[in-house]
Every structure is written in C-alpha cells, then in structure tokens.
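Visitor: Show me how the following folds:
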Amino acid sequence: MSSTVSVFFLGGTISMTPHDGGAVSRLGPDELVASVPGLAELGVRLDLRDFRKLPSADLGFADVLDLLDEAGRTAADGVVVVQGTDTIEETAFLIDLLWPDDAPVVVTGAMRNPSLPGADGPANLLAAITVAVGAPFRGLGALVVMNDEVHAARHVSKRHSSSPAAFVSPNAGPLGRVVEGRLVLTASVPRRRMLARPAIVAARIPLIVSVLGDDGVLLDGLEQRCDGLVVAGFGAGHVPGRLAEQLGAIAARIPVVLASRTGSGPVLAKTYGALGSESDLLRRGLISAGMLDPYKARVLLCVLLANGSDRDAIAATFRAHAGG
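Guide: Numbering: from 1, shown residues only. Modelled structure (predicted):
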C-alpha cells in the first residue's frame, strides 16, 4: 500500500512568476507538483492542500495554528509544508513545539523562483516528500529540507538572502541528506516535551538587539506596553553596562529572555562578571535562551505566555528546550 503525504501550500518564492514590478505568487499546487521530475516514481499518494497564498513575511501565529489543526485531522503518513523561506526557521520551530505525532512535518520552499535559471523549488519539493515518508526521519519532529539537506527545526537558520544553500544548522549541522533519492541519516535529536496548543497567540513580545552605543531609549516604558521581551545580547549574552539596571527593572515586571545576537553558541552563565555581563543579567532576573537563537526564543516565549505560564514555568521550559 502506498504512503500518503499531505502537502500544504502557503505561497512564497516557490510559486512565484514574473509580474510588473517583481515576482508574485501565482502558481497553484497542481502546477507546482507537475513541475517536479521524478515525483511519480516515488509511488506516493499526494493530498494537495491550497492552504494559504501569502508571502512568508505576512504569515502569523494564527496561520500556523490553523495549519496544525488541519494537518492533525489528516490520516497522512507525513506532512509537507511549502512556504516562503523568510520565516521558515520560525514557523518550523513553532510546529516542532506543538506537533504531537511521530509522522514528520517537513517544511520547504525555494530560494529561486520558477522563472530563474537553476530554480530550486522542484528539487526541494521532491526531497521534502521523500523525507516525509522516510522511516529514518520519523519521530524527529519538524524538519526543514532545502538543498537536499535535512535540518532539525530547533537548529536551522537562514544565513543568506539569496543562495540556494541559505539554510544551515550552526550548532549541530544537518541531520541528514537526500542522496540520489536515498535518505541518509547522519545525526538525530531527542524530542522535547510537546507544549499545549494555545487557542490564540497574541502576546506582544519585541526583540531588541544590542548595538554599539545603545542608550536604551527603546526600553523606556516597555514593560507597560509589552507582555515580554527578548534581548539579543552581544557575544555570550552581554549588553552595555548602563542598560543592566533598566533591564533588571523590566524583568521584575515581565519575562525577559536573554539570547545571543551571534545566532550560534550558547548564552553563558558564569564566565563574565562585569556590569551588563551574562552573569549580572541572569542575577537580575533575565531568563537564559541557552542555545536558542533570538527568533526561536521569541517563538517559545510567545507560546508560553499564550498558555498562561508564569515566570518560573517559563524559566523551566527554557531550560528544557534551550539545549542541543
């Protein structure tokens, strides 16, 4: 009996065609699937869902929650999500936090639209469907498949604006590859405890990046306007010393998560001790993001606040999810 894959199409570069003023999303699921050589040879039954048609910059938490609800109602052996690449690292991580099934959810897209030489959409879609029905990748949560590489959602990051090799996993490397249609698993990741699916995610959580000469003006009164905050600090989790007291005061009112703006490596805990260092900020009540980059830290904080978690529960969940 052949496997079934539900494929949810959300738009993005993979479906764009030329238009006055630039490419726009026009191609439908049937047209996209018809452009994939070798797909018929997989012997997979495809359940095509024209779910959204949006630039990925316009996607929100509600779109992903709706997708999870619909995907959960399918009886498919695997799920593929096709979307624009701008927010893949965030949407895939959100799916990973909430998806309870062993069947993989594979997120893919394209860096070059179908009208360009070397368009990568067909190859990425073929690889994603191959991974979605492949036994080696069951039970690993949400995955991102681009450029024949398979990445864990918790590690993947988009590190180039236009290259087909834009997606990397700085802290871990890819979990595997698709080689001549075969699945090669080279690493694995333990599943984390799934979080409850919130009814709505409406928390207002800005991400503030530490920069040279920062005077803290963006922090003024922030605890009165927002429900939480993610700070992307320098290096191992540092901010200008003049901001330390201000951040501590905010952390006394709302959850403040400390990540590293470098995008790889952990927030440290006790290496540096100066004013504004990681140990100083953690003593003031900031919560370490650990190995999570600032974007994923914000997604996790949004879900936790939507579920009504208090500060202690938030800190405990970050400790559980922020490792490798």
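Visitor: Run through the stretch 101-250 of the chain and note the low-pLDDT ranges.
Guide: Of all residues in the stretch 101-250 of the chain, none has pLDDT under 70.
Visitor: list the contacts for the nearest residue to Lys296 once chain neighbours are set aside?
Guide: Nearest non-adjacent residue to Lys296, counting by Cβ to Cβ, 6 or more residues apart in numbering: Phe93, 4.8 Å away. Every C-beta, even on glycine, is put in place using the N, C-alpha and C of the backbone. Applying Cβ atoms under 8 Å, 6 or more residues apart in numbering, we find Phe93 in contact with Ala142, Ala153, Arg154, Tyr295, Lys296, Val299, Leu300.
Visitor: same thing but 6 Å
Guide: Ala153, Lys296, Val299 (Cβ atoms under 6 Å, 6 or more residues apart in numbering).
Visitor: can you check Leu98 too?
Guide: When contacts are counted by Cβ under 6 Å, 6+ apart, Leu98 touches Leu68, Leu195, Arg197.
Visitor: if we go to 8 Å?
Guide: Leu65, Leu68, Met194, Leu195, Arg197, Val303.
Visitor: Quick check: nearest residue in space to it, chain neighbours excluded?
Guide: Using Cβ to Cβ, 6+ apart, the closest residue to Leu98 is Arg197 (5.2 Å).
Visitor: hmm, back to that, what is the nearest of the contacts of Phe93 to His321?
Guide: Within the set of the contacts of Phe93, Lys296 lies nearest His321; the separation is 8.8 Å, counting by Cβ to Cβ.
Visitor: Neighbours of Pro190, how many?
Guide: 9 (other Cβ atoms under 10 Å).
Visitor: likewise Thr186?
Guide: Around Thr186 there are 11 residues (other Cβ under 10 Å).
Visitor: swap in Ala251?
Guide: There are 23 residues near Ala251, going by other Cβ under 10 Å.
Visitor: now Ile200
Guide: Going by other Cβ under 10 Å, the residues that sit close to Ile200 add up to 9.
Visitor: In contact with the closest residue to it other than its chain neighbours, which residues are there?
Guide: What sits nearest to Ile200 in space, not counting adjacent residues and going by Cβ to Cβ, 6+ apart, is Ala306, at 6.6 Å. Ala306 sits next to Pro198, Ala199, Ile200, Val201, Ala202, Ala203 when contact means Cβ under 8 Å, 6+ apart.
Visitor: And the buried ones among those, selectable in PyMOL?
Guide: Here is the PyMOL command that selects only those of the contacts of Ala306 that count as buried (16 or more other Cβ atoms under 10 Å):
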select buried, resi 198+201+203
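Visitor: Just want to check the distance between the residue nearest to Lys296 and Ala297.
Guide: 10 Å (Cβ to Cβ, to the nearest Å).
Visitor: so what's Gly237 up against?
Guide: Gly237 is in contact with Leu258, Ala259, Ser260, Val267, Leu268, Ser277, Glu278, Leu281, Ser288, counting by Cβ under 8 Å, 6+ apart.
Visitor: I'd say the third one and Val230 touch.
Guide: Spelled out, it's Ser260. No: assessed by Cβ atoms under 8 Å, Ser260 is found out of contact with Val230, at 11.1 Å.
Visitor: Give the residues shared as contacts by these two.
Guide: Here Ser260 and Val230 share the contacting residues Ala289, Pro294, scored by Cβ under 8 Å, 6+ apart.
Visitor: List the buried residues for stretch 95-106?
Guide: In terms of neighbour count (16+ other Cβ under 10 Å), stretch 95-106 has its buried residues at Ile95, Asp96, Leu97, Leu98, Trp99, Asp101, Ala103, Pro104, Val105, Val106.
Visitor: Let me know the helix or strand that the first one is in.
Guide: Mapping Ile95 onto the secondary structure by DSSP states H and E places it in helix 88-98.
Visitor: could you point out which element follows that helix?
Guide: Where DSSP H and E defines the elements, the next helix or strand beyond helix 88-98 is strand 105-108.
Visitor: Could I get the CA-only coordinates of that following strand as PDB?
Guide: What follows is the C-alpha trace of strand 105-108 in PDB, where atoms were taken according to Å, rounded to 0.1, in the frame of the first residue of the first chain:
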ATOM      1  CA  VAL A 105       6.300  17.700   9.300                       C
ATOM      2  CA  VAL A 106       8.700  18.800   6.600                       C
ATOM      3  CA  VAL A 107       8.900  22.400   5.800                       C
ATOM      4  CA  THR A 108      10.400  23.500   2.500                       C
END
